[in-house]
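[1] No letters, just coordinates:
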C-alpha cells in the first residue's frame, strides 16, 4: 500500500494553532503566578483592567437612570400639587366673586333704601339684539309686587325706564327711556329749563324744541321733572352732549347715565 502523507498526521496550520493555544495557556498560567505590588496576579490585574470600564459605564448608567426616575416622580408629584393648588385657587376665586356679588347687592339695597321705601332688586335676563335701547326683560314679576308703570333705576339710582306689559308672575318688560315710544318730563338741572325728553332707539335722547331763552352748556346734568306723573322728580337721567341752536329753540342731545354702565342689576320702585 502506498503511503499518504496527508493521513495520520496533523497539517502545518493545525500544528501552528495547537502551538499558539499551548503558548497562550502557558502565558495565562505564568501570569497567574506573577504577583504584582498590590498583591494581585498579573492575570487578575489584566481582567480587572478589562472589566473596570464596563463597571464604570454600568455604574454611571445606573446613576443616570436612578436620577431620571427620581426627577420624573418628583416632577409628577409637583405637577399633581400644582393641579390641586390651581383648583383651590379657582374655587377661592369663585367664592370671592360670590361674596363680592352679595356685597354689591347689599350696597345697592343700602343706597336705594335711603331714598325709597319699597323696591325690588331684579336681574336683566334678555335684551332685544335688534333694538337694544328699546326694552329689556327682567326676572321679577307680579309675584314680587311689580305693576305697570313702576319706575326702574340702575344700581346707582339713575333712571333707566319703566315697567310695561306683558307682565307675568315671574318676569316683566322694561321700556327704556331711550325707546322711541313715550317720553320723559325733564329739567336741565343748572337752570331748571324744562321739556320733554324723547328717545330714538339709540344711545342718546333729545329735547325737542326747547326754548332758547336760557343757556345750556355741554356736560349739564339732566334730571326728571315729575310733570309726566310717572317718574318722581329729581332722578338723575344723563348729561348734555350736543347743542343745536335755532332762532327761538334749541335741540339738545342727552346721553343717559345707564347707557355707559353694565345693565345687569336693576331696581324697581314699587307703588305705595
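    Perfect, thanks for sending it. It should be emphasised that the depicted structure is a prediction, and the values quoted were computed from it without experimental measurement.
[2] what bits of the stretch 51-200 of the chain have low per-residue confidence?
    For the stretch 51-200 of the chain, the stretches with pLDDT under 70 are 51, 99-117.
[3] again, only this time at 90
    By pLDDT under 90, the low-scoring segments of the stretch 51-200 of the chain are 51-120, 128-132, 155-157, 166, 182-183, 189-192.
[4] could you pull out the strands for it?
    119-127, 135-138, 151-154, 159-167, 172-176, 184-188, 193-199 (DSSP state E, counting those that start in this stretch).
[5] Could you export these as JSON lines, including mean neighbour count?
    Using the backbone N, CA and C atoms, a C-beta is placed for each residue, glycine as well. Below are these laid out as JSON lines (neighbours: other CB atoms under 10 Å):
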{"stretch": "strand 119-127", "mean neighbour count": "16"}
{"stretch": "strand 135-138", "mean neighbour count": "21"}
{"stretch": "strand 151-154", "mean neighbour count": "23"}
{"stretch": "strand 159-167", "mean neighbour count": "19"}
{"stretch": "strand 172-176", "mean neighbour count": "23"}
{"stretch": "strand 184-188", "mean neighbour count": "23"}
{"stretch": "strand 193-199", "mean neighbour count": "21"}
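[6] Turn those into TSV, columns for distance to residue 247.
    Formatted as TSV, those follow (distance: least, CB to CB, whole Å):
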stretch	distance to residue 247
strand 119-127	41
strand 135-138	37
strand 151-154	37
strand 159-167	31
strand 172-176	33
strand 184-188	19
strand 193-199	17
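[7] Compare those and give me the one nearest residue 236.
    With CB to CB, the closest approach to residue 236 among the strands of the stretch 51-200 of the chain belongs to strand 159-167: 6.7 Å.
[8] other SSEs contacting that closest one?
    strand 151-154, strand 172-176 (3 or more CB pairs under 8 Å, 6 or more residues apart in numbering; DSSP states H and E).
[9] quick one: which of these is nearest residue 137?
    So among the helices and strands packed on strand 159-167, strand 172-176 is nearest, using CB to CB, at 5.8 Å.
[10] before we move on, the earlier item: with distance to residue 12 added, can I get the helices and strands packed on strand 159-167 in TSV?
    Formatted as TSV, those follow (distance: least, CB to CB, whole Å):
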stretch	distance to residue 12
strand 151-154	116
strand 172-176	118
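[11] quick one: contacts for residue 177?
    Contacts for residue 177 (CB atoms under 8 Å, 6 or more residues apart in numbering) come out as 159, 160, 161, 184, 197, 199, 205, 237, 256.
[12] And those, which is closest to residue 58?
    Distance to residue 58 across the contacts of residue 177 (CB to CB) is lowest for residue 160, with 80.6 Å.
[13] my read: that closest one touches residue 176, true?
    Yes. Counting by CB atoms under 8 Å, residue 176 is a contact partner of residue 160 at 6.3 Å.
[14] Now do the shared contacts for these two.
    residue 258.
[15] Okay, residue 217 and residue 152: tell me how far apart.
    Here the distance between residue 217 and residue 152 works out to 29 Å (CB to CB, to the nearest Å).
[16] Grab the nearest non-local neighbour of residue 249.
    residue 209 (4.6 Å; CB to CB, 6 or more residues apart in numbering).
[17] which residues touch the one you found?
    Residue 209 touches 195, 249, 251, counting by CB under 8 Å, 6+ apart.
[18] Ok, residue 241 next?
    So residue 241 contacts 204, 218, 253, 254, 255 (CB under 8 Å, 6+ apart).
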